[in-house]
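**Q** build me a model:
(2 chains)
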Amino acid sequence: MSRKRETLRIGSGAGFAGDRLEPAVILAERGGLQYLGLECLAERTIALAQLRRLKEPAEGYDVLLARRMELLLPVIKKKRVRLITNMGAANPVAAADLIVEIAKRRKLDIKVAAVTGDDVLKLMRPTDRVLETGGPLSAYKWLVSANAYLGVDALLPALATGADIIITGRVADPSLFLAPAAYEYGWDPDDLDRMARGTVMGHLLECAGQITGGYCADPGKKDIPDFAHIGFPYADVDVDGNCVIGKPDDTGGAINLITAKEQLLYEVTDPRAYVTPDITADFTTVRLRQAGPNRVAVSGASGKPRSPTLKVSIGYHAGYVGEGEISYAGANALQRAQLAGEVVQTRLKGEFKEIRVDYIGSTSLHGKAYDESARPYEVRLRVAARTATREKAALVGEEVEALWTNGPGGGGGARKYVHEQVGVISGLIARDKIKTEVTVREWRREKETV
Amino acid sequence: MKKKLYDLAHCRAGDKGNTSILSLIAYRDKDYAVLCENVTAQSVKSHLSHIIKGKVTRHEVPNVGALQFVCEQSLGGGVTTSLAMDAHGKSLSYALLEMEIEI
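**A** Purely as a prediction, here's the structure:
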């Protein structure tokens, strides 16, 4: 199925569920793309989506889906950009239905392909091994979700339907970007080097703004121009999987060796063996070169055959976390905050297995201050604890709030919170247990008038 | 002469479960050898001793002049259940850059 393409441009319009909306619109409008990927599923996002689906069966897709589609649909139709996204989360078919609804209201012809089969909750066994603990899955009583990371092989049939939009649940992030390249160039899944290079391309794109200056800028050290308006990236991919990373003209941000190196290594636990459903890629053979202003050329990368198993991300109910915060300032601020922390710990003693006490402005992030001479002018006490019920979790915030009238002098700005907590662990599943499916939903104007 | 890593290198932190991954990247190619010689798995573990509870593995990535530190049991039990504010450990990059080396 090799096609006659010379180059292919794939954009990245979101790097997490809550990412900015307009950079994807700019990419689709004037990025010259053939494909736009939106990566919106963090480890925990799908478990939270599954909780929503349990309450309301027609939900469980990304909460920003409608807002993103209202903005993007007219543009991708006008510019003939195909969209590929994991915003289906726990319910890709319902997400496809919603997209068709929006298109119909706007009188735009639309064809959406939903990929399912990642939901493997029913296939998990109590004896399955949890990768983090080495122990059995049965240690976790209340499982919420289990989703296998699908790869390119699950996406190719959806691309072959010719759909404008391919929407999925759990898919390995780089596979969202590798799939269109493998499809357009007709790469053999066993063509290890091309699949490895395409995976590097996908990995560089998957966090969107993280390769154009986001999660990088440091004034005076790593300055990023027009930082409030960083453009999102695209890759110009050639038939061998080598690529150049760029971004639309007249957007802010920067693409250079600093941003590219940081993103290449981001979250990589073994640079010689980056494992996805498609490949095991060696990142130590990748070459990066500044190829022009805001353009970095990426070549090299080699691959070993994909693993016979797929990783499964498993969500479980982990109880409730209660939190409380209050601030102190001026002379002796840290000591008054510490006294307040001791009071809360004393009063909650025995109620919780673990109580975390942080002094924001001093030691909350790293457990100590590396510059011990720095005296903070103000300090915010934060107390947090986890427990089984919402009511008990609320005790933490209540005790902190009571410091207003019962705690050290000058305590102000008390806040309290309770969050339901979903934990995520992982396991493995054999590939042959998984059957993926493509469901097509479409609407065309002429049908309405017949 | 003592030098902070901040002067020689940049760093990005990533996370997988309870593992923090710290990429230490030399600004100048020639400083990669300095990092290799002075920043070991052991020195990173002791610099971040109150954060890293597990094993530290150092990977050399010479093609981009970087060292990759994979720090197990470093995120308060894991991103999704940690009681820490920065559950992902995204700010840990700047704790590593506080480290001083003798050159």
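**Q** give me the nearest residue to the closest residue to chain B within the stretch 151-300 of chain A, chain neighbours excluded.
**A** Closest to chain B within the stretch 151-300 of chain A is A:E267: 3.4 Å, counting by Cβ to the nearest Cβ. No exception for glycine: its C-beta is placed from N, CA and C like everyone else's. Setting aside the residues directly before and after it, A:E267 is nearest to B:G14 in space (Cβ to Cβ, 6 or more residues apart in numbering or on different chains), at 3.4 Å.
**Q** average model confidence for the helix or strand that neighbour falls within?
**A** Assigned by DSSP states H and E, B:G14 belongs to strand B:9-16. Strand B:9-16 comes out with an average pLDDT of 97.
**Q** what's the helix or strand just after that strand packed up against?
**A** Next helix or strand after strand B:9-16 toward the C-terminus (DSSP H and E): strand B:19-26. Counting contacts by 3 or more Cβ pairs under 8 Å, 6 or more residues apart in numbering or on different chains; DSSP states H and E, strand B:19-26 packs against helix A:257-265, strand B:9-16, helix B:31-38, strand B:66-71, helix B:92-96.
**Q** just checking the distance from strand B:19-26 to the centre of its chain.
**A** Distance of strand B:19-26 from its chain centroid, counting by Cα atoms, centre = their mean, to the nearest Å, is 4 Å.
**Q** and it, which strands flank it?
**A** Sheet pairing for strand B:19-26, assigned by DSSP bridges, gives strand B:9-16 (antiparallel), strand B:66-71 (antiparallel).
**Q** deepest in the core, which of those strands is it.
**A** Highest mean neighbour count among these (mean count of other Cβ atoms under 10 Å in any protein chain shown): strand B:66-71, with a mean of 24.
**Q** residues in contact with that strand?
**A** For strand B:66-71, contacts defined as Cβ atoms under 8 Å, 6 or more residues apart in numbering or on different chains pick out A:261, A:265, A:268-271, B:19-26, B:32, B:35-36, B:39, B:41, B:44-45, B:48, B:51-52, B:54-61, B:96.
**Q** what about it, average pLDDT?
**A** For strand B:66-71, mean pLDDT is 98.
**Q** next: stretch A:220-239.
**A** Per-residue pLDDT over stretch A:220-239 has a mean of 98.
**Q** name the residues of that stretch that are buried.
**A** Across stretch A:220-239, burial judged by 16 or more other Cβ atoms under 10 Å in any protein chain shown covers A:222, A:224, A:227, A:230-239.
**Q** which of the helices or strands spans residue 46?
**A** Reading this off chain A. Counting by DSSP H and E, A:I46 is part of helix A:45-55.
**Q** let's do chain B instead
**A** Going by DSSP H and E, B:S46 is in helix B:41-47.
**Q** what residues does the next helix or strand after that helix touch?
**A** Going down the chain from helix B:41-47, the next helix or strand is strand B:56-61, by DSSP H and E. Residues from elsewhere that reach strand B:56-61 (Cβ under 8 Å, 6+ apart): A:265, A:270-272, A:283-284, B:36, B:39-42, B:44-45, B:67-72.
**Q** would you mind listing which of those residues are buried?
**A** Buried, going by 16+ other Cβ under 10 Å: A:265, A:270-272, A:283-284, B:39, B:41, B:44-45, B:67-72, out of those.
**Q** for A:E391, state which of these is nearest.
**A** B:E72 (35.4 Å; Cβ to Cβ).
**Q** so how far is chain A from that closest one?
**A** According to Cβ to the nearest Cβ, to the nearest Å, B:E72 and chain A sit 10 Å apart.
**Q** mind checking what secondary structure A:E372 has?
**A** Following DSSP: H, G, I helix; E, B strand; the rest coil, A:E372 is assigned to coil.
**Q** what about it, how many residues close to it?
**A** Neighbour count of A:E372, defined by other Cβ atoms under 10 Å in any protein chain shown: 7.
**Q** which residues does the closest residue to chain A within chain B contact?
**A** Nearest residue of chain B to chain A: B:G14, at 3.4 Å (Cβ to the nearest Cβ). B:G14 is in contact with A:L265, A:Y266, A:E267, A:V268, B:S20, B:I21, B:S23, counting by Cβ under 8 Å, 6+ apart.
**Q** make CSV out of those residues and add distance to A:I167.
**A** CSV is the format used below for those (distance: Cβ to Cβ, whole Å):
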residue, distance to A:I167
A:L265, 30
A:Y266, 25
A:E267, 24
A:V268, 27
B:S20, 32
B:I21, 30
B:S23, 32
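**Q** and the contacts of stretch B:38-50?
**A** Applying Cβ under 8 Å, 6+ apart, the external contacts of stretch B:38-50 come out as A:366-368, B:5, B:22, B:24, B:52, B:56-58, B:67, B:69, B:71, B:74, B:92, B:95-96, B:98-99, B:101-103.
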